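Chemist: Sequence and predicted structure are below.
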Amino acid sequence: MAINADVLKSIVSITQFNKGQASKIFDRVRTERQLVVLKNNTPTAVILSTEEFERMCGIEENYQSLLLEQESIANHDKLSTILSRQSSLLASPMLISKKKKMSKSNEL
């Protein structure tokens, strides 16, 4: 598996925090969108810049809006299908003749 050079640059060891270098790390996150924190050579956390966090939140909001819109369209399509079927049933010649017979019998 090839490791992207950007990912390698964004790796930060938890040891750096323990050595009092947190300020330098937070300075880095201003220029880099994200940093991956390693503990015992295992990715443990990700530090995001506020801009990256806001960007990701915006993407999530847009995705949720898209899902709601798709659901709304699907519901509209279902309703249109139901109404179309009902209209065609109401307009069928057999049903119209039954309605006429019923209205004549009601008149008597």
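Modeler: Cool, got the structure. Numbering: from 1, shown residues only.

Chemist: do you know how far the residue positioned nearest the centre of the chain is from Ile14?
Modeler: Residue closest to the average C-alpha location in the chain (C-alpha atoms, centre = their mean): Tyr63, at 2.8 Å. Per C-beta to C-beta, to the nearest Å, Tyr63 is found 32 Å from Ile14. Bear in mind the C-beta positions are built from the backbone N, C-alpha and C, glycine included.

Chemist: tell me the contacts of the closest residue in space to Gln34 that isn't next to it in sequence?
Modeler: Using C-beta to C-beta, 6 or more residues apart in numbering and skipping the chain neighbours, the partner closest in space to Gln34 is Leu48 (5.1 Å). Leu48 makes contact with Val29, Arg33, Gln34, Met56, according to C-beta atoms under 8 Å, 6 or more residues apart in numbering.

Chemist: Now the buried members of those residues.
Modeler: Buried members of those, counted by 16 or more other C-beta atoms under 10 Å: Val29, Arg33.

Chemist: So which of the contacts of Leu48 sit within helices?
Modeler: Taking DSSP state H, the ones among the contacts of Leu48 that sit in helices are Val29, Met56.

Chemist: Pull up the gap between Gly58 and Ala5, please.
Modeler: 27 Å.

Chemist: Can you give me the neighbour number for Asn62?
Modeler: Residues near Asn62, counting by other C-beta atoms under 10 Å, number 10.

Chemist: Now do the SS call for it.
Modeler: Following DSSP: H, G, I helix; E, B strand; the rest coil, we place Asn62 in the helix state.

Chemist: With the one 5 residues further on instead?
Modeler: The three-state assignment at Leu67 reads helix, by three-state DSSP.

Chemist: if we can go back for a sec, farthest pair within the contacts of Leu48?
Modeler: Val29 and Met56 (14.1 Å; C-beta to C-beta).
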